[in-house]
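>>> coordinates for the following, if possible.
(2 chains, ligands or ions: 1)
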Amino acid sequence: MEKLRYERPVIKKLETGMPNKFGLRTEYYPKTQIDGVSIKELIKEHGSPLFVISENTIRSTYQQAKRAFTTRYPKVQFAWSYKTNYLNAVCNVYHQEGSWAEVVSGFEYDKAIANGVNGKKIIFNGPDKSRNDLTKAIKNDSILHIDHLDELYTIIELADELNKKPRVAIRVNMDTGIYPMWDRFGFNYENGQAWDALNKIMRSGKMDLVGLHTHIGTFMLSPNAYSIATSKLVDLALGLQQKYNHEIHYLDLGGGFCSRNTLKGAYLPGDDTNPTFDDYAEAITTVLINSSFPQEKMPTLILETGRALIDDAGYLITSVIANKRLSGGKRATIIDAGVNIMFTSFWYEHKITPAQNFTHYSEDTVLYGPLCMNIDVIRESISLPLLNKGDQMVIHSVGAYNMTQWMQFITLRPKIVLIDMDERVHVIRDKETIEDIENQESTPDYLKKFNL
Amino acid sequence: MKINKNIAISDNGFVFNPNTGESFSVNQLGVDIINQLKNDETLDKITEEIITKYSVDEATAEKDLSDFIGLLQHHSLIESNEKK
Ligand SMILES: Cc1ncc(COP(=O)(O)O)c(C=O)c1O
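The predicted structure is shown next:
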């Protein structure tokens, strides 16, 4: 083995920008525009709160991720994880960049088809695929990632019924040294379930086993877990080659890369400490390249990266409703965006920047949303300058999951706009109206009248 | 010599000492050494590891290691109540 270049061990104390118990001062400059579009103008035109998506950031982040992998490994394919953000406009930016679709439900599957994605380029994951969903996907030659044996047997039945050879892979779960281990999806590597499923598929002769899949977790701080996962999938693929002389086309390492966000309770900003695309790419591709696949038969590497691709492209502009002093003396600011549309505030200490000039006096503040609920806290502690009623602030890196997991609660969900590459603003999802909600309801006749 | 086992260390070289609230950055070899210390490896064993893995002679590796240990002590990452 060739020895590594030596650099003596060093340790340096970090003096500047030390976080205190109030967290880092978020910003020293106001964020007055996004991609050249004024925030005040956006709010005037579209109302507050407002989700804003930067097409430029989506494309540049995607290209950066792609480059990290393609410079290290020849065959790489991304598949956009719909659940992360399935606004059609967003999905289509990824499809224009060359991403396939990765879906986990019949609803998402139909969305991908409606967006015009070729059925062959849809990966269908998840534990709940109905017989109907499976039939549709098999007819379209989509790739089914089998989650459990019940599904495997249904696919065997459908193969006979439809007289087709479904393209399948299995989802494998495994120990990658990470706690908690995600063992509820797919077939376990260590206890032999995965091999059991592979044997069933190969012996049935009714399916075309095209790949192997795993998704080891989300916001994985350790690139090394991906090395372990890759080597376990490689091991299965080589085993299939040996046992059945069967060649796998791809290994799908799922999603799970960290975005630049800061996890709650972390002492340093995620931007400084989270692994980069290069770190993950190095961990995965090194294992692939050093594996014993023959050069011309290296499998394609599929990635279902979600949050790391979209988080930074999303902003939420919100306005100050009121300021308060809590009984203990702490300052509280109430804003017009609550946790019902900012699901990720349960996980992250989102970076938040005032949208107008401010003085350099700042104070430890708790940021509350407008819901009449105690859990409605956007940031428990953030050092913010004094903001007045009607001022705006920008919550950064909200692109992943918020626009799919948001809830309609006591008010209507806001608009979403996309700023395109030429700084033009497009509404890609309109504000909900009361009719949207009421149309779903019906009141039995006998409940329509009352006397108060 | 005992490393303070509470200290948190990330793959890419951030060290946090929860006892004092101080943060540090270390380079890759520093990360490796701290991790080995947390696993109670002896200094001899660590030196041996370094010279098999890196292109460095034993004397330099030993000297740099003891220098590094000194720094860890200085920053109270190692409990230095033991006799040398
Ligand atoms: C199967 C699968 N692939 C990809 C993803 C995307 O993960 P992430 O956003 O962590 O990259 C998920 C998310 O849970 C998933 O379940």
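
>>> up against the ligand, what does chain B have?
Within reach of the ligand by Cβ under 6 Å from any ligand atom, chain B has no residues at all. C-beta coordinates here come from the backbone N, C-alpha and C atoms, glycine included.

>>> how far away is the residue nearest in space to the middle of chain B from the ligand?
The structure's chain B has its C-alpha centroid closest to B:Ile34; by Cα atoms, centre = their mean the separation is 3.7 Å. For B:Ile34, the distance to the ligand (Cβ to the nearest ligand atom, to the nearest Å) stands at 29 Å.

>>> helix or strand: which one has that residue?
B:Ile34 belongs to helix B:28-38 when assigned by DSSP states H and E.

>>> buried residues in that helix?
Neighbour-count burial for helix B:28-38 flags B:Leu29, B:Gly30, B:Val31, B:Asp32, B:Ile33, B:Ile34, B:Gln36, B:Leu37 (criterion: 16 or more other Cβ atoms under 10 Å in any protein chain shown).

>>> hmm, B:Thr47 and the first one touching each other?
No. Contact between B:Leu29 and B:Thr47 fails when scored by Cβ atoms under 8 Å: they sit 11.8 Å apart.

>>> contact partners for A:His396?
A:Lys31, A:Asp312, A:Tyr315, A:His350, A:Lys351, A:Ile352, A:Thr353 (Cβ atoms under 8 Å, 6 or more residues apart in numbering or on different chains).

>>> let's see if you can find the most crowded of those residues.
The most crowded member of the contacts of A:His396, judged by other Cβ atoms under 10 Å in any protein chain shown, is A:Tyr315 (25 neighbours).

>>> what are the phi and psi angles of that one?
Backbone dihedrals for A:Tyr315, given as degrees, to the nearest 10, come out at phi -130, psi 150.

>>> once you drop chain neighbours, what's closest to it?
Distances taken as Cβ to Cβ, 6 or more residues apart in numbering or on different chains place A:Val52 nearest to A:Tyr315, at 4.5 Å, with adjacent residues excluded.

>>> what does the pLDDT read for that neighbour?
The confidence metric pLDDT takes the value 98 at A:Val52.

>>> Three-state assignment for it, please.
Using DSSP: H, G, I helix; E, B strand; the rest coil, the structure places A:Val52 in strand.

>>> check A:Ala101 too.
Using three-state DSSP, the structure places A:Ala101 in strand.

>>> how about the nearest residue to it, chain neighbours excluded?
The shortest distance from A:Ala101 to any non-neighbouring residue, by Cβ to Cβ, 6+ apart, is to A:Ala112 (3.9 Å).

>>> for A:Leu418, see how far away that neighbour is.
To A:Leu418, A:Ala112 is 19 Å away according to Cβ to Cβ, to the nearest Å.

>>> now swap in A:Lys66 and tell me
In terms of Cβ to Cβ, A:Lys66 sits 21 Å off from A:Leu418.

>>> what is the subsequent helix or strand relative to whatever helix or strand A:Asp278 lives in?
Secondary structure from DSSP H and E places A:Asp278 in helix A:277-290. Downstream of helix A:277-290, the first helix or strand assigned by DSSP H and E is strand A:300-303.

>>> what's in contact with that following strand?
Residues outside strand A:300-303 that contact it (Cβ under 8 Å, 6+ apart) are A:65, A:69, A:73, A:75-79, A:100, A:123, A:211, A:213, A:249-255, A:284-285, A:288.

>>> parallel or antiparallel, which strands does it pair with?
Paired strands of strand A:300-303, with direction, are strand A:76-81 (parallel), strand A:250-252 (parallel) (DSSP bridges).

>>> for A:Ile143, give me the backbone phi and psi.
Dihedral angles for A:Ile143 - degrees, to the nearest 10 - are phi -100, psi 120.

>>> next, the buried residues of the lowest-mean-pLDDT helix or strand in chain A.
The weakest-scoring helix or strand in chain A, judged by mean pLDDT, DSSP states H and E, is strand A:11-13 (a mean of 80). Buried residues in strand A:11-13, counted by 16+ other Cβ under 10 Å: A:Ile11.

>>> sounds good, over and out.
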